[in-house]
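In: predicted coordinates and the sequence they were generated for:
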Amino acid sequence: MLFIPYSIFYIPFDRLKVVIKIMSDRNPPPSSRQLLILLGIFLILIIFIIQLISFLVDWGITYIPISWEQQLGSMIVPIYEEKAQDSPQQQVLNQLLDRLESQIDNESLAKRNYRVIYIPENTVNAFAIPGDVIGVFQGLVEKINSENELMMILSHELGHFFHRDHLRGLGKTLMIRVAIATLLGDKTFLSNSMATITETISKTHYSRSQEYQADEYGLTLLNKTYGHVAGATDFFENFEEKETLNWVFFSSHPTSKKRVKRLNQLIKQRQYKIGAYSQLDSDLLQLD
């Protein structure tokens with residue numbers, strides 16, 4: 001065995017403290033101010049990326065052919081169709097949608113093939129799906145008191161199609177999530193992309209201006225269909241006090257009070273009439 005004297009490794013304690021201090025001075029820990037600066041830079045980068053994505057999506061959506069959107073829908077719609085059923089309710093909803101379509105000008109309707117799928121779940125919501133499909137939940141139908149009220153909701157969703165809000169919302173949400181996942185090195189997002197898409201569609205949050213535009217489109221179409229706008233504000237008025245509940249519809253839309261006020265202003269400005277209500281079809285009331 002080779003013997004090495006202990007004294008070779010002995011360093012006086014005072015000298016050891018000096019060595020440690022010199023080493024720590026060369027790599028001092030970051031100060032609170034430095035950490036705040038780095039955090040601020042990171043947040044600014046995130047905000048810039050989000051704004052850039054929003055701009056690019058808004059610019060690019062207008063150039064996407066409807067045929068491309070329908071191809072995207074062919075991959076997404078079957079997922080919702082598995083939850084739906086060919087029922088009397090779905091047939092009635094499509095008949096109502098056909099009446100609305102007959103009032104849309106040919107240019108806007110060109111290459112479109114709108115239809116409704118009825119999903120027997122208690123969720124209170126309706127939403128636009130790429131591929132010219134409107135999803136309507138049973139929970140929403142249960143809350144409707146008249147045909148006019150339901151037609152306003154369907155017209156509103158057609159307004160999202162007209163302005164292509166459903167693609168803007170989906171595109172922005174997915175692109176932002178991809179960007180954040182890339183920055184954080186999260187690989188699970190891409191592996192579960194289809195599940196993420198379907199979740200995003202049914203919970204898409206539109207901007208206030210997008211919702212107001214869809215409301216205005218719906219109001220115009222409602223007036224063309226009936227010659228009056230009875231029921232235009234009923235849904236929002238009836239459930240204004242219930243916005244504190246966990247309803248998907250209200251979590252992704254502006255407050256009912258503001259929407260009712262704006263719709264009433266439009267009705268007054270355009271001098272729309274308030275006519276008689278139409279009752280809901282009896283088949284639609286045969287809830288499961």
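Out: Now that the structure is in, tell me what you want to look at.
In: burial check on Arg259, number of neighbours?
Out: Neighbours of Arg259 under the rule other C-beta atoms under 10 Å: 21. Backbone N, C-alpha and C define where each C-beta goes, glycine included.
In: try the one 5 residues further on
Out: Asn264 has 13 neighbouring residues, counting by other C-beta under 10 Å.
In: nearest spatial neighbour of it, skipping sequence neighbours?
Out: Nearest residue to Asn264, sequence neighbours excluded (C-beta to C-beta, 6 or more residues apart in numbering): Thr233, at 6.6 Å.
In: again, but for Leu97
Out: Spatially, and ignoring its direct neighbours in sequence, Leu97 is nearest to Val116 (5.4 Å; C-beta to C-beta, 6+ apart).
In: wait, the one you found sits on Val92?
Out: No - counting by C-beta atoms under 8 Å, Val116 does not reach Val92; the two are 9.2 Å apart.
In: next one: Ser67 from Val77, what distance?
Out: 15 Å (C-beta to C-beta, to the nearest Å).
In: look at those two and report which has more neighbours.
Out: Val77 (22 against 9).
In: so is that one in a helix, a strand, or just coil?
Out: Here Val77 is recorded as helix under DSSP: H, G, I helix; E, B strand; the rest coil.
In: separation between the residue lying closest to it once chain neighbours are set aside and Phe161?
Out: Nearest residue to Val77 in three dimensions, chain neighbours excluded: Gly131, at 4.8 Å (C-beta to C-beta, 6+ apart). Plainly put, Gly131 is 10 Å away from Phe161 if you go by C-beta to C-beta.
In: neighbour count winner among the two?
Out: Neighbour tally, Gly131 and Phe161, criterion other C-beta under 10 Å: the higher count belongs to Phe161, 24 against 21.
In: report pLDDT for the more buried one.
Out: Listed pLDDT for Phe161 reads 92.
In: for the top helix by length along the chain, packing partners?
Out: Longest helix in the chain, counting residues (DSSP state H): helix 32-61. On a contact count with 3 or more C-beta pairs under 8 Å, 6 or more residues apart in numbering; DSSP states H and E, helix 32-61 meets helix 165-184.
In: isn't Ile64 up against His166?
Out: No - taking C-beta under 8 Å as the definition, Ile64 is not a contact partner of His166, at 11.7 Å.
In: so for these two, which sits in the more crowded spot?
Out: A direct count of neighbours by other C-beta under 10 Å for Ile64 and His166 places His166 higher, at 25 against 14.
In: quick one, strands of the stretch 101-250 of the chain?
Out: Counting by DSSP state E, counting those that start in this stretch, the stretch 101-250 of the chain has strands at residues 115-119, 126-129, 133-137.
In: and these, which one's lowest on average pLDDT?
Out: strand 126-129 (a mean of 90).
In: please save the CA atoms from it in CSV.
Out: The C-alpha atoms that make up strand 126-129 are tabulated as CSV, following Å, rounded to 0.1, in the frame of the first residue of the first chain:
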residue,chain,number,x,y,z
ALA,A,126,-73.9,25.6,-28.7
PHE,A,127,-70.7,25.9,-30.8
ALA,A,128,-69.4,26.1,-34.4
ILE,A,129,-67.3,23.2,-35.6
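In: can you list the strands that that strand pairs with?
Out: Strand pairing for strand 126-129, determined by DSSP bridges: strand 133-137 (antiparallel).
In: export the partner strand to PDB, keeping only CA atoms.
Out: This file holds the C-alpha atoms of strand 133-137, laid out as PDB (Å, rounded to 0.1, in the frame of the first residue of the first chain):
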ATOM      1  CA  VAL A 133     -71.400  21.800 -38.400                       C
ATOM      2  CA  ILE A 134     -73.200  23.400 -35.300                       C
ATOM      3  CA  GLY A 135     -73.100  21.400 -32.100                       C
ATOM      4  CA  VAL A 136     -76.100  21.800 -29.900                       C
ATOM      5  CA  PHE A 137     -76.300  20.200 -26.400                       C
END
